[in-house]
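Engineer: sequence-free structure coming up:
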């Protein structure tokens, strides 16, 4: 049998390849693979087939796996932060459907180098995230692993049928908006990687561990990388303002990649403006220092967990008063493609460089 | 900080330690950690807080993580079978609550030694199980791993409120029943391990791979280990007979361990009879050959995925006609403890030796 390397397909290609011809058979499955969450309608299930049409509650489901050495490096990620982040990234997916996270299950694979106290620290971070976001830990699985730490969290959430926002609803001339700032978590990671090397070299040179990393004035970058928050506040602000996005997802793999998902699923194109991209000044300063292009980082750096959404032009007036929200462009016809307008007016096609889980 | 080895607590001890003081805050959480599944009541959630009291549908959730080198050995487990089993063990947990599995998410961590074709094989097994049990694959996560294969599946199911069977409902004088036979999957594993060694030695001696394992007449043992089924048929038979168990769980860690869970959660004791334990003749013959005590294997061998349940004495007449179902004892007062009556009338206290995920 021929052997095809997985890197030739990449993560999204592999998932598409494995799942593209799956046809749901359960009447409760409303949306399967292909969005931030699956959507189920359980109303009336189990009561002799009679659907209760008056119930509009839908159940959302998302899952995220974190593997040591791939998604995190325990040389610079404290276990409590790791637990917090592992939970929050799931909540982010539920908010990205305009839902509310409600329950998680936590599965852990643990190698012998971890102690009970280590796992307590990890779990304390998961529990802290759950407390802050009002989510219950309802189950899980715990087992030993040969190497390293594996964390797999699945999250349930709820939303009223009419509130759910999918990726495929963007319409011509809609506004494209993002929350917070972009590329900051990526710059936080660069900083951690750099200081790790500095520390290692320092230790080797001095033969002791006196060399300490210098993070002064850069704390925000670290926080964005190590302890991201899900934008519940923004979902609430939009609801309060009476805005329902037409399409939405969270930015975990980078703006370009996510925007192209929304465009391809909605059958539209887009135009975004370089000078509208929200960029944090600490991130910009570090990028300068490290000879990185901050716009590239903003477009392709992963793990910001901000929200990307489109909404009707009619909502423009309602959008303006919302803080920490930025209009970065608009939806075009599909033929136009997905483009970035540079500061000098030049047009660049977006590429889904993103965060490739198979590192090719 | 002091370091406590995880093996001092064991899997159940660790889970208990981490989760014992968790208090659910979501009104939809009906049962959290501590049973085969969590139970949620989403009726009316998301519709402005008004509960729809007429809906009795409950959502069940369970999760299972399988790690290479711990739960499976790809030297003798074909990837398609592994996928099938990874899905079925989750369905088994849903049936053990007297529910119906409906959706799963599949997360995979995949190292570079696996090809696209390998993952297609794995996935084809998962899909086959889903087709047979009418379950939809609704999402997941796929990423690279440094070493080996990680499979984490979370399953949702449904049940009407009044049908759900928990672990804590066993009552004094209830009958204790099991389905199928016990220790067979364990003997299948012993056989695979033995033939693997024979093959390796044969190869070394002959310098070629001419030595083939001999499984003739033992196919059933292999099937029980490699391709277990969830007892949907038994759940249907019980329903048809009008029997609702008072307590139930599936046997994944061995009869003794599971029975002690039911007894401790129900506040009762139990008495089971050695000569009532259902044992397959192939399993018994192999145990004899390998100098293993088949009763010990039946009590403590894991992965049978049969059902263990208690039900009222009043259901005795209804139980008798059901094939492949065995009454092995009865529920006693808690003070009596959990005991096995041997063939010669001797009384032995059961021990939860079971399948310890931390191998201590």
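Structural biologist: Yep, it's here. Computed from a prediction, not measured in an experiment: that's the story for all the values here. Residues are numbered from 1 along each chain as shown, chains lettered A, B, ... in the order given.

Engineer: switch to C-alpha atoms for all contacts and neighbour counts from now on
Structural biologist: OK.

Engineer: Past the helix-or-strand element of chain A with minimal mean pLDDT, which element shows up next along the chain?
Structural biologist: Least confident helix or strand, chain A: helix A:184-206 with a mean of 79, by mean pLDDT, DSSP states H and E. Using DSSP states H and E, the helix or strand that follows helix A:184-206 towards the C-terminus is helix A:219-226.

Engineer: Could you name the helices and strands sitting against the helix or strand that that next one is followed by?
Structural biologist: Following helix A:219-226 in sequence order, the next helix or strand is helix A:232-240 (DSSP H and E). For helix A:232-240, the elements it packs on are helix A:79-95, judged by 3 or more Cα pairs under 8 Å, 6 or more residues apart in numbering or on different chains; DSSP states H and E.

Engineer: Could you pull up the mean pLDDT of the helix it packs on?
Structural biologist: The pLDDT scores in helix A:79-95 average 96.

Engineer: and that helix, what does it pack onto?
Structural biologist: Helix A:79-95 packs on strand A:57-67, strand A:100-110, helix A:116-132, strand A:150-160, helix A:219-226, helix A:232-240, strand A:247-251, going by 3+ Cα pairs under 8 Å, 6+ apart.

Engineer: weakest of these by average pLDDT?
Structural biologist: helix A:219-226 (a mean of 88).

Engineer: Tell me what angle that one forms with helix A:184-206.
Structural biologist: Using axes from the mean of the first three to the mean of the last three Cα atoms, to 10 degrees, one finds that helix A:219-226 and helix A:184-206 are set 100 degrees apart in direction.

Engineer: Contact partners for the spatially most central residue of chain A?
Structural biologist: Centroid check for chain A by Cα atoms, centre = their mean gives residue A:252 as the closest residue, at 2.9 Å. Applying Cα atoms under 8 Å, 6 or more residues apart in numbering or on different chains, we find residue A:252 in contact with A:302-306.

Engineer: among those residues, who's most crowded?
Structural biologist: residue A:305 (30 neighbours; other Cα atoms under 10 Å in any protein chain shown).

Engineer: pLDDT score for that residue?
Structural biologist: 95.

Engineer: which residues does it contact?
Structural biologist: So residue A:305 contacts A:89, A:92, A:228-231, A:250-252 (Cα under 8 Å, 6+ apart).

Engineer: Include distance to residue A:326 when you put those into CSV, please.
Structural biologist: As requested, the contacts of residue A:305 are exported to CSV (distance: Cα to Cα, whole Å):
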residue, distance to residue A:326
A:89, 22
A:92, 18
A:228, 19
A:229, 18
A:230, 17
A:231, 14
A:250, 15
A:251, 14
A:252, 18
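
Engineer: Tell me the residues on the stretch 201-350 of chain A that lie near chain B, please.
Structural biologist: By Cα under 8 Å from any Cα of the partner chain, no part of the stretch 201-350 of chain A sits against chain B.

Engineer: low-scoring pLDDT stretches of the stretch 201-350 of chain A, where are they?
Structural biologist: Low-confidence segments of the stretch 201-350 of chain A (pLDDT under 70): A:202-213.

Engineer: Closest one of the contacts of residue A:252 to residue B:7?
Structural biologist: Using Cα to Cα, residue A:303 comes nearest to residue B:7 of the contacts of residue A:252, at 34.6 Å.

Engineer: Am I right that that closest one is in contact with residue A:254?
Structural biologist: Yes: assessed by Cα atoms under 8 Å, residue A:303 is found in contact with residue A:254 at 7.2 Å.

Engineer: Please, where are all the helices along the stretch 251-360 of chain A?
Structural biologist: Secondary structure of the stretch 251-360 of chain A (DSSP state H, counting those that start in this stretch): helices at A:255-266, A:281-289, A:294-300, A:316-319.

Engineer: I'd like those laid out as CSV, including distance to residue A:352.
Structural biologist: Shown next, in CSV, are the helices of the stretch 251-360 of chain A (distance: least, Cα to Cα, whole Å):
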stretch, distance to residue A:352
helix A:255-266, 4
helix A:281-289, 21
helix A:294-300, 8
helix A:316-319, 27
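
Engineer: quick one: which of the contacts of residue A:252 sit in strands?
Structural biologist: When DSSP state E is applied, these are split such that residue A:306 fall in strands.

Engineer: these two touch, right, residue A:235 and residue A:94?
Structural biologist: No: using Cα under 8 Å, residue A:235 and residue A:94 do not qualify as a contacting pair, with a distance of 10.5 Å.

Engineer: Have a look at those two and say which one is more surrounded.
Structural biologist: Counted by other Cα under 10 Å, residue A:235 and residue A:94 do not tie: residue A:94 has more neighbours, with 31 against 21.

Engineer: can you tell me which residues contact residue A:82?
Structural biologist: A:72, A:122, A:125, A:226-227.

Engineer: So among those residues, which ones count as buried?
Structural biologist: Applying 16 or more other Cα atoms under 10 Å in any protein chain shown to these, the neighbour count classes A:122, A:125, A:226-227 as buried.

Engineer: Now flag whichever of the contacts of residue A:305 is closest to residue B:177.
Structural biologist: residue A:89 (43.2 Å).

Engineer: What about the closest one, how many residues nearby?
Structural biologist: Neighbours of residue A:89 (other Cα under 10 Å): 24.

Engineer: about what we covered before: quickly note the distance from the residue nearest to the centre of chain A to chain B.
Structural biologist: Distance, residue A:252 to chain B, using Cα to the nearest Cα, to the nearest Å: 13 Å.

Engineer: With residue A:189 instead?
Structural biologist: On the measure of Cα to the nearest Cα, residue A:189 and chain B end up 19 Å apart.

Engineer: Could you do residue A:302 as well?
Structural biologist: 15 Å.

Engineer: So which bits of stretch A:278-288 are buried?
Structural biologist: A:278-280, A:282-284, A:286-287.

Engineer: which two in those are spaced the farthest apart?
Structural biologist: The widest separation within the buried residues of stretch A:278-288 (Cα to Cα) is 15.6 Å, between A:278 and A:286.

Engineer: Show me which positions of stretch A:188-200 end up buried.
Structural biologist: A:188-192, A:195-196, A:198-199.

Engineer: now it: how far from the chain's centre is it?
Structural biologist: 23 Å (Cα atoms, centre = their mean, to the nearest Å).

Engineer: Run a quick neighbour tally on residue A:71.
Structural biologist: Residues lying near residue A:71 (other Cα under 10 Å) number 14.

Engineer: Now for the residue in the stretch 51-200 of chain A that chain B sits nearest to: which residues touch it?
Structural biologist: Nearest residue of the stretch 51-200 of chain A to chain B, counting by Cα to the nearest Cα: residue A:138, 4.0 Å away. If a contact means Cα under 8 Å, 6+ apart, then residue A:138 has A:103-105, B:29, B:31-33, B:38 as its contacts.
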